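In: below are the sequence and a predicted model for it; my questions follow.
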Amino acid sequence: MAFIEAKDGTQLHVKDMGQGHPVVLIHGWPLTGDMFEYQTVALLEAGYRVITYDRRGFGQSGHPADGYTYDVFADDLASVLEGLKVEKAHLVGFSMGGGEIARYLSRHGASRVSKAVLISSVVPYLLKDHSNPDGVDYSVFADMKSQAREDRFAFLQSFAKTFYGVGLVSKPVSQGVLDWSFVLGVMASPKATIDCIDAFGRTDFRPDLQAFTIPTLVIHGTSDKTVPIDPAGRAAANGISGSKLIEYDGEPHGLFATAPERLNRDLIEFLG
């Protein structure tokens, strides 16, 4: 099945591969489900059923004019799980995708979910305010939106370098990975690209943390300049009862590509 229809009729592009226990990989901004190339291969070889989908507005999914909120994204995830008749799913969310898991659990419960993994996730709250002094100043998000409006293509190229820690980490990704990420990013609707900056930058998931009633693993790089570890990974681990935090020392945001072998091992060990 190539597409699942969301509640509002938007078509969600889905890839459903393999047999075994289902693992649903939820991608980050501004990429697509294909960002999990390294994880998909490893999980398939380990005997899992691997499901990826493109968030509305991104990749090959429908590009509606609006609806880029986490309540809608969570309902889209519910449509994917229901449409594919997925039970006891392992949900793995990268960056923006962690928010889908948090809001899905609070809106739909954990009856279809067995475990959750948050990788470089925006959960629980990124925006700096009086209640979150370690957060990211809104001017950062405003500047991202301004650059995306002015020249989305140049912005995506420069953003990818920070995303993967080019010039900041000892083992940078190849030019090929940067080019591939650019291709995935430009597939998105420009409207979705801009609107989702507010979605992941301003949504407060702290009330959703109590909905994590399943085993949860949090993985975050200590050198993440895109989603800093203090208001995100460390705060999520502190707020999710019984969760486990693994910090990747010196790794940037895009550790799915900068440390794929380690990430794959940690994923398979936790899911197994």
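Out: Structure received.
In: residue 13: what secondary structure?
Out: Look at residue 13: counting by DSSP: H, G, I helix; E, B strand; the rest coil, its state is strand.
In: for the spatially closest residue to it that is not a sequence neighbour, which residues are in contact?
Out: If you skip the residues right next to it in sequence, residue 13 has residue 60 as its closest partner in space, 3.8 Å away by Cβ to Cβ, 6 or more residues apart in numbering. All C-beta spots, glycine's among them, are computed from the backbone N, C-alpha and C. If you count contacts by Cβ atoms under 8 Å, 6 or more residues apart in numbering, residue 60 has them with 13, 32, 54, 187.
In: from memory the second one sits against residue 189, does it?
Out: No - at 12.0 Å, residue 32 and residue 189 do not qualify as touching, with contact defined as Cβ atoms under 8 Å.
In: residues bridging contact with those two, i.e. touching both?
Out: A shared contact of residue 32 and residue 189, defined by Cβ under 8 Å, 6+ apart, is any residue touching both; here these are residue 58.
In: list the buried residues of stretch 160-179.
Out: By neighbour count on 16 or more other Cβ atoms under 10 Å, the buried set for stretch 160-179 is 160, 161, 162, 163, 164, 165, 166, 169, 172, 173, 177, 178.
In: from those, which shows the smallest pLDDT?
Out: Of all the buried residues of stretch 160-179, residue 169 carries the smallest pLDDT score, 64.
In: so where's the stretch 1-150 of the chain uncertain?
Out: Flagging of the stretch 1-150 of the chain using pLDDT under 70 yields the residue ranges 1.
In: just the helices in it please.
Out: 37-45, 70-83, 96-108, 138-163 (DSSP state H, counting those that start in this stretch).
In: looking at those, which is buried most?
Out: Most buried of the helices of the stretch 1-150 of the chain by mean neighbour count (mean count of other Cβ atoms under 10 Å) is helix 96-108; its value is a mean of 25.
In: show me how far that helix is from its chain's centre.
Out: Relative to the mean C-alpha coordinate of its chain, helix 96-108 is positioned 10 Å out (Cα atoms, centre = their mean, to the nearest Å).
In: same question for stretch 74-87.
Out: Its chain's average C-alpha position is 17 Å from that of stretch 74-87, according to Cα atoms, centre = their mean.
In: residues contacting residue 18?
Out: Under the criterion of Cβ under 8 Å, 6+ apart, the neighbours of residue 18 are 43, 44, 47, 48, 49, 50.
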